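J.: Here is my input; please provide its structure:
(chains A, B, C and D)
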There are 2 protein chains.
Amino acid sequence: MVARMPHSCPRKRRTGRPRSVETDRAILDAARAALVDLGWGRFTMGDVAARAGVAKTTLYRRWANKNELVVDAVAVLFDELELPDRGSLQADIEDVVLQFGRLLERPETKTALMAVVAESTADAALRERIRTAIVDRQIQLVVLGRARAQDRGELPADPPDHDGARAAAETVGLIFDVIAGTVVHRTLVSAEPVDTVWARRLATVLLTGLAGLG
Amino acid sequence: MVARMPHSCPRKRRTGRPRSVETDRAILDAARAALVDLGWGRFTMGDVAARAGVAKTTLYRRWANKNELVVDAVAVLFDELELPDRGSLQADIEDVVLQFGRLLERPETKTALMAVVAESTADAALRERIRTAIVDRQIQLVVLGRARAQDRGELPADPPDHDGARAAAETVGLIFDVIAGTVVHRTLVSAEPVDTVWARRLATVLLTGLAGLG
DNA sequence: CTCTTACGCTACGACCCGTAGCGTAACTAC
DNA sequence: GTAGTTACGCTACGGGTCGTAGCGTAAGAG
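T.: Okay, here's the model as predicted:
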């Protein structure tokens, strides 16, 4: 349970040979490639090491186990997520849904994301790592999009008191669960594509309710 | 790739010693208990066999592999899902959200469901098994609840032509992804409880849109 | 130049999957 | 009853993976 993960070592080691950042990148790239080729079930640490041209022990010097490596390998893909201001809440939602859909349709995320989430139910350290590496970034997108919509008058503003802040956090969480959960479910369980037509219908539901679907 | 699963063998074997249905039940019970105690990661076939008081080979005579056994072990829990008529779409949604939430908060479903879904991305047979054993039942609940809401005039009726039927199927799929996906995401990713307050807020969003949250 | 750390390599123990082969138990058909 | 057929328990196994230990060497830091 030693903290070996590169990005969570705040105080640098001041002496000795430093870790190769090239090796870091090579391992993460190799891990994603292995996920694409093999899926989660046949993904193995030995294979990743071979692809990266690195000894297997080097992997274990950086990550405590397979799950944590995979989280970091997939997490960087979520850095691509952005929320450009499209001028309306409807358009912003459609945009982020399409982005998230494209992300989840990649084979490496499709196969890995739910696997690590599943394992995280019995592993608190892994759950925390997923939260900081993946979830928090998405939450920020929701916060940003919601603030814009409030500025436009499309959503009610938050009361400035303390209870208002708590309620706002819960609302953000709900919106996050609805949007991300729906896209994940569509992609992984229903196994159908996230295209522009579907994104528009989902955004419509979120803005006008189910009755607006007809 | 032989069909060894008990429930998918339509023509009975007419001769020889029949399979023990007690053994079937004992294995599935043991599998759920093992999931509770060990989680998915440390779940092993040998352990299940020992808990069930059965030889490991007996497991493999019924299920082709670990994943398929776990799907069946978890699937029976979904048989509990019902949709009593609460008189309004809002109440029906709240009800099903709470039921589904309680189901997902069980440790055996929490840890197993996403794991097999993740593995199904690289295993078509497993995906099909999940669909027939778990997903289809939930879809029927959506179909039922939607029909009731249409009768009450809460949702627009379907056009009777062929395109209307196709559009209806897509709408059902969307509603299913929204409700199930949101609850799953809340439980597994956000790791927060599905209580009555939250269920009411989710149902409100689905009926009136995000602006109704304030 | 010395000290400290990273790295490659080999080997290993522990564990698990899924299967084979055999003898026996249980049930069906006649 | 008896023969035929299938289920079951048991043991053993091959193949594979995880994660670690130990050692010699490479590469920077001071």
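J.: what angle do the helix or strand hosting residue A:199 and helix B:196-208 make?
T.: Using DSSP states H and E, residue A:199 maps to helix A:196-208. With axes from the mean of the first three to the mean of the last three C-alpha atoms, to 10 degrees applied, the angle from helix A:196-208 to helix B:196-208 works out at 110 degrees.
J.: Just name whatever secondary elements helix A:196-208 is in contact with.
T.: If you count contacts as 3 or more C-beta pairs under 8 Å, 6 or more residues apart in numbering or on different chains; DSSP states H and E, helix A:196-208 packs onto helix A:89-105, helix A:162-184, helix B:162-184. Where C-beta positions appear, they are placed from N, C-alpha and C, glycine not excepted.
J.: Name the residues of whichever strand or helix holds residue A:114 that are buried.
T.: For residue A:114, the host element (DSSP H and E) is helix A:107-120. Judged by neighbour count using 16 or more other C-beta atoms under 10 Å in any protein chain shown, the buried positions of helix A:107-120 are A:108-120.
J.: That helix vs DNA strand C: in contact?
T.: No: figure legend: helix A:107-120 not in contact with DNA strand C (C-beta under 7 Å from any atom of the strand); closest approach 14.6 Å.
J.: helices or strands next to the next helix-or-strand element following that helix in the packing?
T.: Once the chain leaves helix A:107-120, the next helix or strand it forms, by DSSP H and E, is helix A:124-130. In terms of contacts (3+ C-beta pairs under 8 Å, 6+ apart), helix A:124-130 is packed against helix A:66-75, helix A:107-120.
J.: Least reliable of the ones you listed by average pLDDT, please.
T.: With a mean of 93, helix A:107-120 has the lowest mean pLDDT of the helices and strands packed on helix A:124-130.
J.: C-alpha coordinates for that one, PDB please?
T.: Taking Å, rounded to 0.1, in the frame of the first residue of the first chain, the C-alpha atoms of helix A:107-120 are listed here in PDB:
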ATOM      1  CA  PRO A 107     -12.500   0.500 -27.200                       C
ATOM      2  CA  GLU A 108     -10.000   1.300 -24.500                       C
ATOM      3  CA  THR A 109     -12.400   3.300 -22.400                       C
ATOM      4  CA  LYS A 110     -15.400   1.100 -23.100                       C
ATOM      5  CA  THR A 111     -13.700  -2.000 -21.800                       C
ATOM      6  CA  ALA A 112     -11.700  -0.500 -18.900                       C
ATOM      7  CA  LEU A 113     -13.900   2.100 -17.300                       C
ATOM      8  CA  MET A 114     -16.600  -0.100 -16.000                       C
ATOM      9  CA  ALA A 115     -14.100  -2.700 -15.000                       C
ATOM     10  CA  VAL A 116     -12.200  -0.400 -12.700                       C
ATOM     11  CA  VAL A 117     -15.400   1.100 -11.400                       C
ATOM     12  CA  ALA A 118     -16.600  -2.400 -10.500                       C
ATOM     13  CA  GLU A 119     -13.400  -3.200  -8.700                       C
ATOM     14  CA  SER A 120     -13.500   0.100  -6.900                       C
END
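J.: ok now that helix, how far from the chain's centre?
T.: Centroid displacement of helix A:107-120 relative to its chain, using C-alpha atoms, centre = their mean, to the nearest Å, is 10 Å.
J.: Compute the inter-axis angle for it and helix A:162-184.
T.: Using the same axes, to 10 degrees: helix A:107-120 against helix A:162-184 is 130 degrees.
J.: picking that back up, which residues touch the helix holding residue A:114?
T.: Residues outside helix A:107-120 that contact it (C-beta atoms under 8 Å, 6 or more residues apart in numbering or on different chains) are A:32, A:35-36, A:39-40, A:43, A:67, A:70-71, A:73-74, A:77, A:103-104, A:126-127, A:130, A:184, A:187-188, B:39-41, B:111-115, B:117-119, B:121-122, B:188-189.
J.: Over to stretch A:93-102?
T.: A:80-84, A:86, A:138, A:141, A:145, A:179-180, A:183, A:186-187, A:193-196, A:199-200, A:202-203, A:206-207.
J.: swap the cut-off to 6 Å and go again
T.: A:81, A:83, A:86, A:183, A:194, A:199-200, A:202-203 (C-beta atoms under 6 Å, 6 or more residues apart in numbering or on different chains).
J.: Could you list the contact residues of chain A toward chain B?
T.: Residues of chain A found near chain B (C-beta under 6 Å from any C-beta of the partner chain) are A:39-41, A:110-111, A:114-115, A:117-119, A:121-122, A:155-156, A:171, A:174, A:177-178, A:180-182, A:184-186, A:188, A:190, A:201, A:206-211, A:213-214.
J.: Flag every residue of chain A that's near DNA strand D.
T.: Counting by C-beta under 7 Å from any atom of the strand, chain A sits next to DNA strand D at A:14-18, A:42-47, A:56-57, A:60, A:64-66.
J.: Which members of those are classed as buried?
T.: Buried among those (16+ other C-beta under 10 Å): A:43, A:45, A:47, A:64-66.
J.: Dihedrals phi and psi, the residue nearest the centre of chain A?
T.: Nearest residue to the geometric centre of chain A (C-alpha atoms, centre = their mean): residue A:134, 3.8 Å. Main-chain torsions, residue A:134, degrees, to the nearest 10: phi -130, psi -50.
J.: Over to residue A:123?
T.: phi -150, psi 100.
J.: Then the one 10 residues further on?
T.: Main-chain dihedrals, residue A:133, degrees, to the nearest 10: phi -90, psi -30.
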